[in-house]
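Okay, predicted coordinates and the sequence, questions at the end:
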Amino acid sequence: MTSFGVDRFATRSSFAAFDPRVKILCTAMLVVVMAFLTRLGPILIACAFVLLLAAMSGIPARHLLQNYLLALVFIAFASIATLLVSGYAASLVMFLRASTSVLALLVLVTTTPFFMMLEALDSMHMPRLLSSLIMFTYRFIFVLLEEAQVMRQARLARGFSGGRHLLDRNAFRTLSASVGMVFVRAQAKATNIYDALLSRGFTGEVHMAWKFRSRPRDVAFAAAFAGVAMLSIFVQMGVVRWTLTF
Amino acid sequence: MHIPDGLMAPEIWAAGWVLVLPVLAWAISRVNKNIDERAVPLMAIIAAGIFVAQMINFPIGGGTSGHLIGATIAVVLLGLSGAMVAMTVILIIQALMFGDGGLTALGLNLINMAVVAPLVAYLVLRVAGRKKSWSIMTAAWASTVAAAAVCSLQLSVSSSLHPGLYGIPGSVSFPAMLISNAIIGLGEAMITAGVVMYLAKVAPSMLRGISKGSESGDPGRTSSSPSPSANRWAVIAILVAFVAGLTVFYAFSSGLPDSLQRLMQNQGISETGTNAPLSYGSDFVTSFAAGLMSFALVYAVCYLYLRFVTRRRSAGSEWK
């Protein structure tokens, strides 16, 4: 299950043991505040804070960068469009605001094990169907990814190279059959897993081995977020004058 | 198509959340009512399957590749409300696992990929029948393009509310998103139809759906036998939906000069160069007609292409 290593930094990070509820709320607050910032000064404040947070978290920069690249396509599209239409200052604001928000979210998701995050969302009254579906889906993804990996290897072993273009019928027939097979194998697995759960007394509720507790350091964490958010808003509104004018 | 945080105007993403929550509440309550407890792991595994299928890249040409959204597969396997819930689960996991798609923008991402895409796929399948590979292809293509169109609309409205601060002007976002997704949609169409045909051959029980008993509550699941003319209705339905969208778009966008025009005015640059034979024009009617014609052209090309691809497919028993 850990072979794809999504949670591999979560337990090692210096923020690992922080209360996930506090982390989620703080990140959400910062991202919401950032969405209202339209001037370079306050965005730079938030950006510096998030970079500091990323550095303190102990997550390798390479890992953050790889995940950031997923969002970069959209951010680059928007920034270049803004550059062409409204000039470089607006483009820089757009680029930094989106990048900082993405980085803040990445720090949250990389330093929090997924099941803790789910439990935290549960404590915030997410509908039960949704949370149990998310839990099952998350668990199954790794089972299926391993199957997909094995099937990919089998395709490669038989000389399949991925196809070249949209008219490549063989490529699409092979890929469709692979995706179809993922579903077929998945269905068989789902039944087995569910039976196994039932035989262990599963009633639809999942009990976690930990209890959330907010400690003083969580309060400090939240205070830092709130402070940066407030400072950014004040600078944005011009309440605090920036000595270097942006 | 996962919109990250920080791109959209606050009014737009707030509206996204306000609009999507009741729809999701409806879908969740419907799924709760229609399926028994045993179907939850099955739904989850289909969601996980779509998640994994999204990670398989297909070739587009010129060294680029695209990947599935998977909304149409979800509709075929789970029905409309089930597909909405499954796509929601996928998007939440993507946001919370990879940071793919933002928190504020999650409402909008849900609208595009968990509401609009399954809804369009469902409507096309409902009208065209869900047992022919070409109607599945049309549904998959239309759902991808519709999601991209709504996404472009959100970007362009963000941009016209706050020019230069949020979003992407419609003059850039619409062509870029629609053209790329019209092409990616072809791959989505072929794979989706391929998957459904494959399942019909290998595991027909999966296509019978998850609702308990024979409730016809979710019409995506009912085996309505489509008449030959139903295909034409699908085309008409898509065209009508598009025309309605286009009207709304031009009605809202025609009032003011866009940011590029304003910039050019400010800089004292006038538009020069030769006039295109079919110029957009400045009034509502000509730009509307130009938009309609280009859509019809793209649609016709894609339609002919999909027909060409389907014709040579081997015919299954009742699935053809």
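Perfect, I can see it now.

Can you list the low-confidence ranges for chain A?
A:1-8, A:162-164, A:167, A:204, A:206, A:208-210, A:240-246 (pLDDT under 70).

what does the domain assignment say about it?
The record's domain parsing of chain A by automatic domain parsing lists A:20-113+A:214-237, A:127-199.

Quickly compare those domains and say which is most buried.
A comparison of these by mean neighbour count, using mean count of other Cβ atoms under 10 Å in any protein chain shown, puts domain A:20-113+A:214-237 on top with a mean of 19. From N, CA and C alone the C-beta is placed, and that goes for glycine too.

Taking the stretch 101-250 of chain B, what residue is nearest to chain A?
Closest contact between the stretch 101-250 of chain B and chain A, by Cβ to the nearest Cβ, is at B:G194 (2.3 Å).

Quick check: which element contains that residue?
Using DSSP states H and E, B:G194 falls within helix B:170-202.

How about B:G66?
strand B:64-67.

after that strand, next one along is what?
According to DSSP H and E, the helix or strand after strand B:64-67 is helix B:71-98.

tell me the angle of that next one relative to helix B:170-202?
Here the directions of helix B:71-98 and helix B:170-202 differ by 110 degrees (axes from the mean of the first three to the mean of the last three Cα atoms, to 10 degrees).

what does the average pLDDT come to for the next helix or strand after helix B:71-98?
Using DSSP H and E, the helix or strand that follows helix B:71-98 towards the C-terminus is helix B:106-109. Averaging pLDDT along helix B:106-109 gives 94.

ok, now stretch B:77-90?
pLDDT averaged over stretch B:77-90 gives 92.

Also stretch B:45-57?
83.

so the residue nearest to B:G70 when sequence neighbours are not counted is in which element?
Spatial nearest neighbour of B:G70, excluding adjacent residues (Cβ to Cβ, 6 or more residues apart in numbering or on different chains): B:I50 at 3.9 Å. Under the criterion of DSSP H and E, B:I50 resides in helix B:39-54.

And the next helix or strand past the host helix or strand of A:L103?
According to DSSP H and E, A:L103 maps onto helix A:88-111. Remark: after helix A:88-111, the chain's next helix or strand is helix A:114-123, criterion DSSP H and E.

which ones are touching residue 172?
Unless you meant another one, I'm taking chain A. A:F172 is in contact with A:163, B:58, B:187, B:190-191, B:194, counting by Cβ atoms under 8 Å, 6 or more residues apart in numbering or on different chains.

You answered for a different chain; I wanted chain B.
Shown in contact with B:V172 (Cβ under 8 Å, 6+ apart): A:81, A:84-85.

ok, and of those, which contact chain B?
The residues of the contacts of B:V172 that also fall near chain B, by Cβ under 8 Å from any Cβ of the partner chain, are A:81, A:84-85.

Which of these fall in helices?
Of the ones next to chain B among the contacts of B:V172, the ones assigned to helices by DSSP state H are A:81, A:84-85.

Make CSV from these and add distance to A:V32 to it.
Putting these into CSV (distance: Cβ to Cβ, whole Å) gives the following:
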residue, distance to A:V32
A:A81, 24
A:L84, 29
A:V85, 26
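
What is the nearest of these to A:T203?
Taking Cβ to Cβ as the measure, A:T203 lies nearest A:A81 of those, at 51.7 Å.

Could you check how far B:M113 is from A:D122?
24 Å (Cβ to Cβ, to the nearest Å).

Comparing those two, which residue is more hemmed in?
B:M113 (26 against 18; other Cβ atoms under 10 Å in any protein chain shown).

hang on, that one packs against B:L91?
Yes. Look at B:M113 against B:L91 with Cβ atoms under 8 Å: they come within range, at 6.2 Å.
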